[in-house]
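Participant: What would the 3D arrangement of this be:
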Amino acid sequence: MRKTKRTKPTKRALKRLGLAEFAALMAFLISITALSIDIILPVKTEIGLEMGITNENTTQLVITSLFLGLAIGQLIYGPVSDTIGRKPAMAYGFGVFIAGTLLCLFAHSFHALLIGRFLQGLGSAAPRIISMSMIRDLYDGREMAKVTSIIMGFFILVPAIAPALGQFIVNFAPWRAIFAVLLTQAILVGSWLLFRQPETLHPEYRRAFNLAQLRKNTAEVLSTKVSFWYTIAAGLIFGAFISYIVTSEQLFKDLFGIDEAFPYYFGALAIMIGCASIFNASLVEKFGMRKLCQFSLVIQISLSAIFFVIALCQGGQLSLAMFMVWALSAFFMMGFLFGNFNAIALSPLGHIAGIGAAIVGSISTFLSMGIGAIIGLLYNQSVLPMIGGFAVLGVLSLTIMKLVDRNEA
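Facilitator: Coordinates of the predicted model:
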């Protein structure tokens, strides 16, 4: 009966905003976080040096501080969007993001910059998490996974071009101009949402905000085995990916002598994730989300283990060609995991989509941020911490999946 009630308002919403525009808007909304992270990568070290930070591993905080704000923000905007609607909650998030961006633009100390980055993460949590809720309002099950994959295909272009955009900006202007670009993006995308996208949370699904209800909904998410454990599995393997993000600029410079050309290598790897996401949209209907996730993890684990041993025998080093072979293959497999893990975790939570997406997103982000930060701090001018992390965390993620699926069978 619930499914019938949700279908009718969904059709009305889609008539007012076509699927192509909806997918593009959702991709731009989700991309705000990715752009805020990746556009900084080419100048991360430069920012640290200007502000008196000499330890390059410490400059990774410019990235992880944003992830911290993102993890906290998801817990806020999910339940708020269930109460006041998706669009009003999104507007508050954009306000916080703009405030953080302005602080970064005028920051004169590393601590002030980190606070601004935290606020950027806190604000960008709104488009990040509410976009998923809006998708969940309109789609379900494998259809949701297919739509999510299409959106991810658009979205992945952002990390593919963001570092090159950052490098381009600093070739002609100070690094602070990067934050002016982020400010402009927030204003344009926020206006697009305000004037074009209909509200997707219909009145009959709104919930009064109170702590008792919030605790009840949280307990339901945490006690739903598929949702909770797939969230943990996602957080583990995504932690390996974050370790790559925070160390990639250092790794390419230290190991391969690649500095100004770094954005192009980073972009090539990001495109592999996008390609896999597009393939996933057609394969998920045939093979199902779980089989694709398991296959991808097995390939990723096997490749990471092989290349870890090779690097170990070479003092922790790989040639650029060998590293790119591993990275292109491993990241292609990662592209099958992003949309499917989230879709599986959120699938049982349609009746509490907002808080469900919030808890799932927050737990996986906290976990992946912590893991990625630890691996990043272990960076020692070798590929061993990162590739070893992919192998070990992949095994843990796959083990969790198999145990959960066995118990659910």
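
Participant: Point out where the stretch 51-200 of the chain drops to low pLDDT.
Facilitator: 141-143, 145-146, 149, 152-156 (pLDDT under 70).

Participant: let's see 90
Facilitator: 51-60, 74-86, 108, 128-162, 170-171, 173, 194-200 (pLDDT under 90).

Participant: before we move on, what about the stretch 301-409 of the chain?
Facilitator: 334-363, 365, 404-409.

Participant: where do the helices sit along it?
Facilitator: Using DSSP state H, counting those that start in this stretch, the helices of the stretch 301-409 of the chain run over 320-346, 353-377, 384-408.

Participant: Out of those helices, which is closest to I53?
Facilitator: Among those, the nearest to I53 by CB to CB is helix 353-377 (14.0 Å). (C-beta placed from N, C-alpha, C; glycine too.)

Participant: What is the closest one packed up against?
Facilitator: helix 61-84, helix 110-138, helix 211-223, helix 225-256, helix 320-346, helix 384-408 (3 or more CB pairs under 8 Å, 6 or more residues apart in numbering; DSSP states H and E).

Participant: The helices of the stretch 301-409 of the chain into TSV, with extra columns for distance to S227 and mean neighbour count?
Facilitator: Shown next, in TSV, are those (distance: least, CB to CB, whole Å; neighbours: other CB atoms under 10 Å):
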stretch	distance to S227	mean neighbour count
helix 320-346	5	22
helix 353-377	6	24
helix 384-408	10	19
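
Participant: To I47, which of those helices lies closest?
Facilitator: Nearest of the helices of the stretch 301-409 of the chain (CB to CB): helix 353-377, 16.2 Å.

Participant: from the middle of its chain, how far away would that closest one be?
Facilitator: 9 Å (CA atoms, centre = their mean, to the nearest Å).

Participant: and it with helix 225-256, angle?
Facilitator: Relative orientation of helix 353-377 and helix 225-256, computed by axes from the mean of the first three to the mean of the last three CA atoms, to 10 degrees: 30 degrees.

Participant: and the angle from helix 353-377 to helix 211-223?
Facilitator: Going by the same axes, to 10 degrees, helix 353-377 makes 60 degrees with helix 211-223.

Participant: Now do helix 353-377 against helix 384-408, angle only.
Facilitator: Going by the same axes, to 10 degrees, helix 353-377 makes 150 degrees with helix 384-408.

Participant: Look at N380 and say how many residues are nearby.
Facilitator: 11 (other CB atoms under 10 Å).
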